[in-house]
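Asker: mind looking at a prediction? Sequence and model below.
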Amino acid sequence: MDTWKQMMDWKRMAEDYFGDQFFTPNQGQRAEARNESPLCNIYETPQEICCVLALPGLNRTDDVEVMVDPYKLTIQGKLSLTLDSYRLNSEEFQLGEFQREVTLPVRVLLDPVQAFYRKGLLFIRLLKDTRPGANQRKVNLNWVQE
């Protein structure tokens, strides 16, 4: 058995046990190496993040749902493609129901978010949260008497 495959199987088991994103994906690592679908590229400017997901076979905007939190996007939906009188012989892109969580490289604002679909690609534009202290949280210290 391939050592890389064994390691990725162990990683998936750990994430199933400990929760999503127990390990942070390596930046620049290709999605098929992580066995994630749909494929996603992340682009950024000093002010915004743009996530581009490959969604061939999306029939309507109602077939996909995008949820955003300050550090993560969740995209779920259903992709379908039927060719009358043909049967599927080989499949390289995933069809059917999917869910993909994308860890964002920086904190983003929850509003405004723009999303549009063009030529088989879903574009999601998010503004970076550049407020001073936006990436920090004060922790309250409790005094414990001995």
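Answerer: Great, that's in hand. Numbering: from 1, shown residues only.

Asker: name the helices or strands packed onto the top helix by length along the chain?
Answerer: Longest helix in the chain, counting residues (DSSP state H): helix 3-18. Contact here means 3 or more C-beta pairs under 8 Å, 6 or more residues apart in numbering; DSSP states H and E; on that basis helix 3-18 packs against no helix or strand. Glycine gets a C-beta too; all of them are placed from N, C-alpha and C.

Asker: helix or strand right after the helix or strand of the chain with the lowest mean pLDDT?
Answerer: Every helix and strand in the chain was compared by mean pLDDT, DSSP states H and E; the lowest is helix 31-34, with a mean of 45. Per DSSP states H and E, the first helix or strand lying C-terminal to helix 31-34 is strand 40-44.

Asker: who touches that following strand?
Answerer: 31, 49-54, 100, 102, 104-106, 128 (C-beta atoms under 8 Å, 6 or more residues apart in numbering).

Asker: in its sheet, which strands sit next to the lengthiest strand in the chain, and in what direction?
Answerer: Taking DSSP state E as the criterion, the chain has its longest strand at strand 108-118. Strand 108-118 has the following strand partners under DSSP bridges: strand 121-128 (antiparallel).
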